[in-house]
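Enquirer: Structure for the following, please:
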Amino acid sequence: MLKGAIARRYAEAMFDLALKQNTLDRTLGDVQEIARLFSKHTLAYLLREPKIPARRKEQALREALSANVLSTSLNLALLVVQRELVDLMPNIAAELQQMVFDYKNQATAEVTTAVPLDEQQEELVKRALERRTGKAILLQTRVDPTILGGVVARVGDRVIDGSVRQRLEVLKRQLLNGVATASTDAFNIVQ
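Expert: Reported below is the predicted structural model:
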């Protein structure tokens, strides 16, 4: 079975449990924390190493997690380790996050601007993206002076490029196409 499908199955199970227990946000936070923890080199080595007994791995997980996460989240971590799927934990977390966002009709928007936005500008961009997507937007901003101005927003796999750099590229292509067309027309007239 493909890794994406496996991660999705685990995420769906956690999503269903969290809905039944009314712990959706907490479960998502737990799963994201477990994924972060599993990415730490020392712990990841311990959890992947076949020579280390399963009981030692379980003990390490219980010590690291039991006081901080729900029992269902701890059980997920134990099951993932037992089935040797430690590398899939970030995928499980990403799948679960997408399910929670879909359930809540939310989306994350990665917004890039040439200069930092103030609160009022962030709110304007957020409202514009909410109107365009029909979802509640969680804004993540970053600055990239190479876009020259305007805004580039990525919501899921959709990119909305309103940057000055993009507008200049479009204008350049139009001018070059216009020059090429004009040259062809002039060539046709001469013949």
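Enquirer: Might one say that Ala77 is in contact with Ile34?
Expert: Yes. If you go by CB atoms under 8 Å, Ala77 and Ile34 touch, sitting 4.9 Å apart. In short, each C-beta sits where N, CA and C put it, glycine included.
Enquirer: what sits against Glu58?
Expert: Applying CB atoms under 8 Å, 6 or more residues apart in numbering, we find Glu58 in contact with 78, 81.
Enquirer: Show me whatever sits in contact with both of Ala77 and Ile34.
Expert: Contacts common to Ala77 and Ile34, judged by CB under 8 Å, 6+ apart, are 65, 69, 89.
Enquirer: and the least confident of those?
Expert: The pLDDT minimum for the shared contacts of Ala77 and Ile34 sits at Leu65, where the score is 86.
Enquirer: What residues are bridge-paired with the residue nearest to Glu122 when sequence neighbours are not counted?
Expert: Spatially, and ignoring its direct neighbours in sequence, Glu122 is nearest to Leu139 (6.0 Å; CB to CB, 6 or more residues apart in numbering). Residues in a beta bridge with Leu139, per DSSP bridges, are Ala109.
Enquirer: how about the strands in the protein?
Expert: All strands of the chain, identified by DSSP state E, fall at 106-113, 136-143, 150-155, 158-163.
Enquirer: Perfect, I'm done here.
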